[in-house]
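Colleague: here is the input, now give the coordinates:
(one chain, ligands or ions: 2)
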Amino acid sequence: MLARVLLPVVVLLGVAACQPGGVPPVPAFVPFPSPGARPLEVSRVGGDGLGAYLVSPRSGPATLATSGVAAKVTGDAKAGWRIEPEATGEMRLSVDENGKKTESVLLVFALVGEAWGAPMAQPGPMVNTAAWEDGLSLSPDANTLFVHYVPITISGFFVGDSKHPWAERTRGPYGAPERPDFPAKRISAEGRITPGFALYEAKDVGRPWPPTALFAFRRQKDGSFGEPHLIGPQDDGDGSLGAFGPCIPTGPEGKGRFVLAFNDPATMGAEDTESDIYAFAFDPAKPTTFGRFHRAGGQIRSEGWTGVRIGPDPKGHQGNPHLHTSKGGRLSLFVDNEAIAEKDLFVAEGQGPVTSATWYAGWEPLPSPISEPNVEEVQPFFDGKRLVARKDNTISAWDHLGGPFASASSWGPRQKWLVPGSDTKAGSLFVVGEPTVGRDARGEILSFVYGIMREDGSIDLNAGYVRRRT
Ligand SMILES: [Ca+2]
Ligand SMILES: [Ca+2]
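Modeller: Residues are numbered from 1 along each chain as shown. Ligands and ions are numbered 1, 2, ... in the order given. You can find the predicted model right below:
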């Protein structure tokens, strides 16, 4: 049971980092953009490989400062600066116009699909931290960003030892203002995590079991995300529940609804041993608790749990859901299964409303060219026009040509939207996942998680986005 309950924590399957010898000190985390700086706009002007980017100051004399990824920089403030990165990773860009600073973190991928502009780290001090941001999901209106947060490095999970410094010592915040109401009961005053917790009467089993929580952030006037508030089920401060894969459904019936994957501890038994999909009524502007779980009289009990299980087969594992709604109450629920060796994508169809115990006929695998043997496909998103997913550590998309989802002829060829590098030396961007697409007045925005190898050999997962340019 313990392994199954913990499994959802690994929302983004990455690469286990090896750490020979001692553990180097945690690298200092420098918030960027710096306080007071507004986000800097960057254009993509070169299509191939690491690409080329353009920064154009609005007016007057200006200076450009860069750090992080090395790059060839040509041009000037008048013509604009052309930036040609020399490796994958994060490149910090800062333009100073008479003391007014605009700053952004450009994300350099090995390849960016033709349709997309300059990939950027989410700006502002609230979303990205030195710890583990994961499970990213952008609402269809692009005004709400959901983050699955863990206050350690994901490498602390991969080392598999609860006493390893990466697993035991927090890095990143676990309180206001960035993570208000985080379930921090198991974190000591020195920032050390106790692996055992009350809900399952679990002692330290030797494996890392960090507290996790889901947060919703609201779009701010400057385009960044702020106003974080805790969402999801609570367990008296232990953070042991591991709800994951939050999303607001796309389509006409999606507004005011919310879906996530969760292994309800109050219903676990012979018929239900793994994660299922639940739907809720939801207002993203208001702090929401989807029920409280606690142990009483030797049993796990829930109070105020408003989730309704949707989708067939409570016995299997379903994760990272995305629900699409059509006119007339037709529902298409897409899921992955990170609990089995052959990772494919699945869909179940049914009739709404979203927050009822809708009957679905059954799970069907999405066919080739989407799901293929011996290739990992996870984290599906469908908006009525196309499916987007993480396939083989690449954000990929397939147009829906019409016809049944389970038929190969219903899908167009694979489009590669974001391809990370394969180099894992310090500073490299080598992991990507968790795609969702929202739309604001300027057009489509693709949200994703990216992973950087830090100087101490640990992986830092963060939130990024890119705007469509065509
Ligand atoms: Ca991070
Ligand atoms: Ca597969």
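
Colleague: endpoints of stretch 138-151, how far apart?
Modeller: 21 Å (C-alpha to C-alpha, to the nearest Å).

Colleague: gap between that stretch and the chain center?
Modeller: 8 Å (C-alpha atoms, centre = their mean, to the nearest Å).

Colleague: does that stretch reach ligand 1?
Modeller: No: on the criterion C-beta under 5 Å from the ion, stretch 138-151 is out of touch with ligand 1, staying 9.0 Å away. In this view, the C-beta of every residue, glycine as well, is placed from N, C-alpha and C.

Colleague: can you mark which positions in that stretch are buried?
Modeller: 138-140, 142-151 (16 or more other C-beta atoms under 10 Å).

Colleague: then stretch 70-87?
Modeller: With the criterion 16+ other C-beta under 10 Å, stretch 70-87 contains buried residues 71, 73, 77, 80-83, 85, 87.

Colleague: and if you look at stretch 90-102?
Modeller: 90-96, 101-102.

Colleague: can you list these in CSV and add distance to ligand 1?
Modeller: CSV is the format used below for the buried residues of stretch 90-102 (distance: C-beta to the ion, whole Å):
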residue, distance to ligand 1
90, 11
91, 17
92, 15
93, 19
94, 20
95, 25
96, 27
101, 23
102, 23
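
Colleague: hmm, which two among those are most spread apart?
Modeller: Largest separation among these by C-beta to C-beta: 90 and 96, giving 19.8 Å.

Colleague: which ones are touching the residue nearest to residue 371 when sequence neighbours are not counted?
Modeller: Once flanking residues are discounted, residue 371 sits nearest to residue 344: 3.7 Å by C-beta to C-beta, 6 or more residues apart in numbering. Taking C-beta atoms under 8 Å, 6 or more residues apart in numbering, we find residue 344 in contact with 336-337, 365-366, 371, 377.

Colleague: now do the helices in the stretch 101-250 of the chain.
Modeller: Listed in chain order, the helices of the stretch 101-250 of the chain (DSSP state H, counting those that start in this stretch) span 154-158, 165-168.

Colleague: those helices: which one's closest to ligand 2?
Modeller: helix 154-158 (21.6 Å; C-beta to the ion).

Colleague: quick one: mean pLDDT for that closest one?
Modeller: On average, the pLDDT along helix 154-158 is 95.

Colleague: how far is that helix from where the chain is centred?
Modeller: Counting by C-alpha atoms, centre = their mean, helix 154-158 is centred 16 Å from the centre of its parent chain.

Colleague: ok, what's across the strand from residue 202?
Modeller: When bridges are called by DSSP bridges, residue 202 pairs up with residue 197.

Colleague: my guess is it meets residue 196, correct?
Modeller: Yes: if you go by C-beta atoms under 8 Å, residue 202 and residue 196 touch, sitting 5.3 Å apart.

Colleague: okay, and the common contacts of those two?
Modeller: With C-beta under 8 Å, 6+ apart, residue 202 and residue 196 have common neighbours residue 209.

Colleague: so what's residue 252 up against?
Modeller: Applying C-beta under 8 Å, 6+ apart, the residues near residue 252 are 325-327.

Colleague: go on, residue 61?
Modeller: Counted by C-beta under 8 Å, 6+ apart, residue 61 has contacts 77, 97-98.

Colleague: gap between the residue in the stretch 101-250 of the chain positioned nearest to ligand 2 and residue 392?
Modeller: Per C-beta to the ion, the residue of the stretch 101-250 of the chain with the smallest distance to ligand 2 is residue 245, at 18.3 Å. Residue 245 is 20 Å from residue 392, where distance means C-beta to C-beta, to the nearest Å.

Colleague: quick one, which of these two is more surrounded?
Modeller: residue 245 (28 against 14; other C-beta atoms under 10 Å).

Colleague: quick one, what contacts that one?
Modeller: Taking C-beta under 8 Å, 6+ apart, we find residue 245 in contact with 8, 11, 135, 137, 148, 259-261, 319-321, 379.

Colleague: from these, which land in strands?
Modeller: Here DSSP state E is the test, and the contacts of residue 245 give 135, 137, 148, 259-261, 319-321, 379 as lying in strands.

Colleague: quick one: which of the residues you listed has the most company?
Modeller: residue 379 (33 neighbours).

Colleague: mind checking pLDDT for that one?
Modeller: At residue 379, pLDDT is 97.

Colleague: pretty sure residue 342 contacts residue 374?
Modeller: Yes: with contact defined as C-beta under 8 Å, residue 342 and residue 374 form a contacting pair (7.4 Å).
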